[in-house]
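>>> Next input, structure requested:
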Amino acid sequence: MTHVVCSPAHLLPNAIPGGGDYFSLYSNPGRGDVGTIAPGWKNDLSRLGLNPSVQVWDFVSLALAVAAADLTCVRAGSADGWTRVIELDVYLHDPAPWTAQQAQLQEMLRFLTGDFWTLNLLPGGEAPPQSTAPVTLDTDCVSLLSGGVDSLVGAIDLSAAGRRPVFVSQIAKGDADKQLRFARELNAADRHFQWNHRIRLTHASERSTRGRSIVFFAFAALASSVVPLPGSGRIEVFVPENGFISLNVPLTPGRFGSFSTKTTHPVLLARLQAVWDAVGIPAQLVTPYSFSTKGELLENCADQALLQSLVGDSTSCGRYGYYNYMHCGRCVPCMVRRGSFIRAGFADSTPAYRFDNLGTTGRRTGANDIGAAAVAFLRANAIGVNRLFGGALSFADNGTRPLYEGVVQRGIEELGVLLQHHGVV
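Residues are numbered from 1 along each chain as shown. Here you go, the predicted model:
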């Protein structure tokens, strides 16, 4: 078991016990034996005019602590080389409502990262920022804007429908400028937040980052604090991700469980929504593309001219940083991207792919998912997606199961057409 403690600087022990990792939340105590999380950010938020509720702020603190633990606990040191046992102490301003949700939170994190979590939710955490000039923007919802294809389509569709979302971005290296450009092109530069967890470790980090999406949802909840509360009492938070990628069905048996990411999986979102409802965060997660493939998102986008002028600058690659901020072309997200352009019937405007020809690229370095995609396509054609991915879809009820099967079938077909174009199958 790895023990991680995230607390205000004044509650840190003078001497750090061995066998644990300690982080200072929202400040930098200047100690080499302590990591830091978002130092100085609380003051930045006050200057922006944000006055989040205690419940929202404590969720932000909890999410940042989870991200820090996810980064600091290296999987290679676990018994099976993957599954970790993590005990996380988090100091919250008002832990009582969260303590009542402790089991649900632990189960949610277990699903998201594949690890065993024990959460200790303690009093004494930082109070939320309090601005002397609180801001309420002329907006009616929140939408995630990552810099990827799906969030770009979501932003365009919401704007075309007359909505005025607050766009919120989690800054990732290589994506910050395109996030700004997309918001600017949608005339939303004045209602766009870009935030970064700024987690600094005291040692090398874990690279799998299965828990990264929890921070994005925390940023969305935080951004909702500048949206006027509608008559329904709930502020919509749009999660624009295509259904095929959200489900991220395991293309081979070896990818089952947490070996496939679940950053926007329906089970995760349902559990997160239940926790938000229980603690009193008035935000409603909305997934408009749950039953659409990426190709269908492109094809049905409400403003084709704007989409085609911007989509080439979007990011999809799971190895983008590894290949010097260039799409590799052969990981699953890249192949789904490439297949979606074919499905939508317009040219792929991505500047370049590191491995352009899928029929000739080898397995010399890095992730190469071509074989897994080919096997999944051939097996789906042979036995059907229900038999092939039935276990991965067992969460769905009788009403939604056929819809999920449909989006998986069509997503696999988009991959198959791409592979056929390259002579792989």
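
>>> Counting neighbours, which bits of the strand or helix carrying residue 420 end up buried?
For residue 420, the enclosing helix or strand under DSSP states H and E is helix 401-421. For helix 401-421, the neighbour count (16 or more other CB atoms under 10 Å) marks 404-405, 407-419 as buried. Where C-beta positions appear, they are placed from N, C-alpha and C, glycine not excepted.

>>> pull the CA atoms of that helix into CSV?
Taking Å, rounded to 0.1, in the frame of the first residue of the first chain, the C-alpha atoms of helix 401-421 are listed here in CSV:
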residue,chain,number,x,y,z
ARG,A,401,-28.0,-1.9,-24.7
PRO,A,402,-29.0,-2.0,-28.4
LEU,A,403,-27.9,1.6,-28.7
TYR,A,404,-24.5,0.9,-27.2
GLU,A,405,-24.1,-2.2,-29.4
GLY,A,406,-25.0,0.0,-32.4
VAL,A,407,-22.4,2.6,-31.8
VAL,A,408,-19.7,-0.1,-31.1
GLN,A,409,-20.7,-1.8,-34.4
ARG,A,410,-20.4,1.4,-36.4
GLY,A,411,-17.2,2.5,-34.6
ILE,A,412,-15.6,-0.8,-35.4
GLU,A,413,-16.8,-0.5,-39.0
GLU,A,414,-15.1,3.0,-39.3
LEU,A,415,-11.9,1.4,-38.1
GLY,A,416,-12.3,-1.5,-40.6
VAL,A,417,-12.8,0.9,-43.5
LEU,A,418,-9.6,2.7,-42.6
LEU,A,419,-7.7,-0.6,-42.3
GLN,A,420,-9.0,-1.7,-45.7
HIS,A,421,-7.9,1.6,-47.3
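
>>> same for that helix, what does it pack against?
helix 243-247, helix 294-300, helix 332-344, helix 370-383, helix 385-389 (3 or more CB pairs under 8 Å, 6 or more residues apart in numbering; DSSP states H and E).

>>> Dump those to TSV, plus mean pLDDT, distance to residue 354 and mean neighbour count.
Formatted as TSV, those follow (pLDDT from 0 to 100; distance: least, CB to CB, whole Å; neighbours: other CB atoms under 10 Å):
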stretch	mean pLDDT	distance to residue 354	mean neighbour count
helix 243-247	97	20	25
helix 294-300	98	20	22
helix 332-344	97	9	24
helix 370-383	95	13	18
helix 385-389	94	29	18
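
>>> how about the ones you listed in TSV, adding distance to residue 218?
Output for the helices and strands packed on helix 401-421, formatted as TSV (distance: least, CB to CB, whole Å):
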stretch	distance to residue 218
helix 243-247	19
helix 294-300	25
helix 332-344	23
helix 370-383	32
helix 385-389	30
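
>>> by how many degrees do the helix holding residue 420 and helix 332-344 diverge?
Relative orientation of helix 401-421 versus helix 332-344 (axes from the mean of the first three to the mean of the last three CA atoms, to 10 degrees): 90 degrees.

>>> Helix 401-421 - what's its average pLDDT?
Averaged over helix 401-421, pLDDT sits at 98.

>>> Just the residues contacting it, thanks.
242-245, 247, 249, 290-296, 335-336, 338-340, 342-343, 358, 370, 373-374, 376-377, 380-381, 385-386, 389, 393, 396, 425 (CB atoms under 8 Å, 6 or more residues apart in numbering).
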